[in-house]
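S.K.: Only the shape, not the letters, is given here:
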């Protein structure tokens with residue numbers, strides 16, 4: 001490990017950081033609309049993005065700085081079990097191909113900005129809409145925090161901010177500056193900022209991984225030596241494995257499947273999706289996004305390379321930044337650190353916008369100020385996006401990093417419980433709104449209680465996301481077990497409530513709404529006056 005500040009790497013990092021900062025502020029002028037004071041413009045980029053912009057935006061949204069740090073870190077610590085992220089990103093794309101175009105169409109037709117907007121319109125239930133909104137906000141907050149953890153890991157390895165005994169303000173000043181810049185250009189430019197920066201972020205990540213997967217193995221003697229070193233480590237330690245162990249197969253499979261089901265339930269995934277200009281853009285993207293899964297598979301191998309390179313760190317999250325520091329020339333280490341740092345800014349911006357939109361549309365407008373104008377909605381959303389980032393920053397600065405990681409795992413369990421209402425509602429109106437709300441509550445309570453009872457070597461509660469599956473005796477992903485209970489409750493109660501003819505609520509959608517495309521007759525007729533016609537003007 002190198003001592004002191006790596007000046008060359010820091011200089012390269014600052015260069016790229018300043019470049020994307022300028023891009024973030026200039027993005028306000030990119031495809032500027034006549035009326036910018038609407039959530040369609042600030043929060044969805046005018047619903048105007050084509051295939052390539054959407055592809056980079058979704059890639060920047062889903063493959064984050066934390067992905068860059070945590071996936072290979074899991075391989076570094078435990079071996080094969082960390083590869084679960086690769087199959088789940090393969091499973092997710094055929095899944096979203098079936099429902100995302102339908103969600104885009106109905107949202108475009110009715111001017112929906114969030115998933116909760118759709119749930120309220122489909123089931124005529126503000127209560128169910130509120131449940132989906134609150135879940136989305138709660139699940140997003142620790143996710144934003146983890147992006148800041150990713151930036152902090154890079155700063156630590158570069159030697160910026162001093163040691164543990166340094167004054168807290170000096171130590172955290174670089175992170176505070178990064179946060180302030182992120183908050184400023186998100187407030188100014190909305191979704192256009194991360195959409196523009198995503199081109200730089202993804203380009204850097206592809207470059208770094210392409211170089212790393214060739215250059216590092218050459219320096220380490222080839223992949224035979226890399227895998228041999230990893231096998232030797234796991235054999236001696238008695239923990240982890242180079243190949244999946246039979247005892248962990250249920251946990252591996254259920255975690256991969258549950259994560260695949262949950263990924264596009266997150267508000268930031270939907271926000272990036274709804275910014276597209278047509279349903280055909282969504283369909284194309286589901287076919288080319290798997291290119292990122294190839295990248296992720298190569299990225300995961302960096303964990304084995306860190307073992308072979310003899311990287312020793314107390315915090316596993318530092319393993320890959322330290323690998324880059326040790327193996328690359330200083331200037332290219334700076335490029336790699338910039339890729340991780342910028343990889344945090346893009347998703348953090350989208351996540352804060354998505355959470356702010358949920359609060360504005362489904363809490364502020366639905367319950368606090370029903371007559372809010374589009375200008376008031378936009379102003380509130382901008383302010384809430386700042387508050388969300390402040391909350392995430394406070395989370396990172398005041399709590400142990402493992403707490404942020406475990407709350408993000410809990411967020412995955414929570415967000416999966418919104419799937420019956422969202423995806424189920426896209427295909428059928430049979431589910432009863434009260435049954436969906438009850439199923440959501442059961443899934444949330446069981447998932448939270450089960451996760452609370454999981455201990456780890458470092459903490460008594462919320463120490464992981466896997467536990468014995470009731471009735472099977474196998475260890476599996478808590479989120480998927482909670483989801484199954486959720487669906488069972490929804491189906492049983494729907495039968496009961498429909499039998500007693502309980503009020504089902506008003507469905508404001510029609511079958512044709514789910515296949516409508518931009519430019520179809522009447523597609524924009526139900527959009528609010530301030531936003532109608534906006535996507536066609538770009």
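M.R.: Structure's in. What do you need? Nothing here was measured: the structure is a model prediction, and the numbers come from that model.
S.K.: Tell me who's in contact with residue 453.
M.R.: For residue 453, the contacting residues are 461, 467, by C-beta atoms under 8 Å, 6 or more residues apart in numbering. (Each C-beta comes from the backbone N, C-alpha and C, glycine too.)
S.K.: ok, now how distant is residue 212 from residue 458?
M.R.: Residue 212 sits 30 Å away from residue 458 when distances are taken as C-beta to C-beta, to the nearest Å.
S.K.: Among the two, which residue is more densely surrounded?
M.R.: Neighbour comparison, residue 212 and residue 458: the larger count goes to residue 212, with 22 against 10 (by other C-beta atoms under 10 Å).
S.K.: What's the local residue count around the nearest residue to residue 283 once chain neighbours are set aside?
M.R.: Residue nearest to residue 283 in three dimensions, not counting chain neighbours: residue 101, with 5.6 Å by C-beta to C-beta, 6 or more residues apart in numbering. Applying other C-beta under 10 Å, we find 23 residues neighbouring residue 101.
S.K.: Distance-wise, check residue 101 relative to residue 498.
M.R.: Residue 101 sits 29 Å away from residue 498, going by C-beta to C-beta.
S.K.: repeat for residue 99
M.R.: From residue 99 across to residue 498, the span is 23 Å (C-beta to C-beta).
S.K.: These two: which has the busier surroundings?
M.R.: Taking other C-beta under 10 Å, residue 99 and residue 498 do not tie; residue 99 has more neighbours (18 against 14).
S.K.: model confidence over whichever strand or helix holds that one, on average?
M.R.: Here residue 99 sits within helix 85-110, counting by DSSP states H and E. Mean pLDDT, helix 85-110: 92.
S.K.: Flag every buried residue along the helix or strand of the chain with the lowest mean pLDDT.
M.R.: Least confident helix or strand, the chain: helix 168-189 with a mean of 80, by mean pLDDT, DSSP states H and E. In terms of neighbour count (16 or more other C-beta atoms under 10 Å), helix 168-189 has its buried residues at 171-175, 178-179, 181-183, 185-189.
S.K.: and the gap between the spatially most central residue of the chain and residue 321?
M.R.: The centre of the chain sits closest to residue 62, judged by C-alpha atoms, centre = their mean, with a distance of 5.1 Å. In this structure, residue 62 and residue 321 are 21 Å apart, going by C-beta to C-beta.
S.K.: Remind me what the host helix or strand of residue 479 packs against, helices and strands.
M.R.: Taking DSSP H and E as the criterion, the element that holds residue 479 is helix 478-499. When contacts are defined as 3 or more C-beta pairs under 8 Å, 6 or more residues apart in numbering; DSSP states H and E, helix 478-499 packs onto helix 249-263, helix 401-416, helix 419-427, helix 433-452, strand 466-468.
S.K.: I'd like to know which of the ones you listed has the weakest mean confidence.
M.R.: helix 401-416 (a mean of 82).
S.K.: quick one: that helix to chain centroid distance?
M.R.: 12 Å (C-alpha atoms, centre = their mean, to the nearest Å).
S.K.: The residue nearest to the centre of the chain reaches residue 269, doesn't it?
M.R.: Yes: counting by C-beta atoms under 8 Å, residue 269 is a contact partner of residue 62 at 6.6 Å.
S.K.: Mutual contacts of the two, please.
M.R.: The contact sets of residue 62 and residue 269 overlap at residue 263 (C-beta under 8 Å, 6+ apart).
S.K.: Residue 505 in helix, strand or coil?
M.R.: Each residue gets one of three states, and residue 505 gets coil by DSSP: H, G, I helix; E, B strand; the rest coil.
S.K.: neighbours around the closest residue to it other than its chain neighbours, how many?
M.R.: The spatial neighbour of residue 505 that comes closest, neighbours along the chain excluded (C-beta to C-beta, 6+ apart), is residue 124 at 2.9 Å. The burial count assigned to residue 124 is 16, neighbours taken as other C-beta under 10 Å.
S.K.: Quick check, pLDDT for residue 124.
M.R.: The pLDDT attached to residue 124 in the predicted structure is 95.
S.K.: Need the phi and psi values for it.
M.R.: phi 60, psi 40 (degrees, to the nearest 10).
S.K.: residues contacting it?
M.R.: Taking C-beta under 8 Å, 6+ apart, we find residue 124 in contact with 433, 504, 505, 506, 507, 508.
S.K.: so which of those residues is the most crowded?
M.R.: residue 433 (26 neighbours).
S.K.: thought it was touching residue 123?
M.R.: Yes: between residue 433 and residue 123 there is a contact at 4.1 Å, judged by C-beta under 8 Å.
S.K.: what's the overlap in contacts for those two?
M.R.: Shared between the contact lists of residue 433 and residue 123 (criterion: C-beta under 8 Å, 6+ apart) are residues 504, 505.
S.K.: Residue 9 is in contact with residue 337, isn't it?
M.R.: Yes: proximity of residue 9 to residue 337 meets the contact threshold set by C-beta under 8 Å, at 6.0 Å.
S.K.: So for the two, which residues contact both of them?
M.R.: By the contact definition C-beta under 8 Å, 6+ apart, residue 9 and residue 337 are jointly contacted by residue 158.
S.K.: Now do the helices in the stretch 1-150 of the chain.
M.R.: Under the criterion DSSP state H, counting those that start in this stretch, helices of the stretch 1-150 of the chain are mapped to 7-26, 39-42, 51-62, 65-78, 85-110, 115-123, 126-158.
S.K.: want to throw the ones you listed into CSV with distance to residue 361?
M.R.: As requested, the helices of the stretch 1-150 of the chain are arranged in CSV below (distance: least, C-beta to C-beta, whole Å):
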stretch, distance to residue 361
helix 7-26, 24
helix 39-42, 7
helix 51-62, 19
helix 65-78, 27
helix 85-110, 12
helix 115-123, 6
helix 126-158, 8
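S.K.: Looking at those, spot the one closest to residue 488.
M.R.: Comparing these by their distance to residue 488 (C-beta to C-beta), the top pick is helix 126-158, with 18.0 Å.
S.K.: buried set for the closest one?
M.R.: Going through helix 126-158 with 16+ other C-beta under 10 Å, the ones that come out buried are 126, 128-158.
S.K.: show me what contacts residue 305?
M.R.: Residues counted as contacts of residue 305 (C-beta under 8 Å, 6+ apart) are 212, 216, 217, 220, 226, 323, 327.
S.K.: 10 Å - rerun?
M.R.: The contact partners of residue 305, taken as C-beta atoms under 10 Å, 6 or more residues apart in numbering, are 72, 75-76, 212-213, 216-217, 219-220, 223, 226, 229-230, 311, 319-320, 323, 327.
S.K.: What about the residues you listed, which are in helices?
M.R.: Secondary structure defined by DSSP state H assigns 72, 75-76, 212-213, 216-217, 219-220, 223, 226, 229-230, 319-320, 323, 327 of those to helices.
S.K.: low-scoring pLDDT stretches of the chain, where are they?
M.R.: Counting by pLDDT under 70, the low-confidence segments of the chain come to 1-3, 31-36, 161-171, 238-241, 243-244, 400-402, 519-538.
S.K.: Which among the helices of the stretch 1-150 of the chain is found nearest to residue 357?
M.R.: Taking C-beta to C-beta as the criterion, residue 357 comes closest to helix 39-42 out of these, the separation being 6.1 Å.
S.K.: counting contacts, what elements does the closest one pack onto?
M.R.: helix 168-189, helix 330-359, helix 374-398 (3 or more C-beta pairs under 10 Å, 6 or more residues apart in numbering; DSSP states H and E).
S.K.: repeat that for 6 Å
M.R.: Other elements packing on helix 39-42 under the criterion 3 or more C-beta pairs under 6 Å, 6 or more residues apart in numbering; DSSP states H and E are helix 374-398.
S.K.: Would you mark the buried spots in the helix it packs on?
M.R.: Buried residues in helix 374-398, counted by 16+ other C-beta under 10 Å: 374, 377-378, 380-382, 384-385, 388-389, 391-393, 395-397.
S.K.: and the two most separated of those?
M.R.: 374 and 397 (35.1 Å).
S.K.: hmm, back to that, which of the contacts of residue 305 count as buried?
M.R.: With burial judged by 16+ other C-beta under 10 Å, the buried subset of the contacts of residue 305 is 72, 75-76, 212-213, 216-217, 220, 226, 229-230, 311, 319-320, 323, 327.
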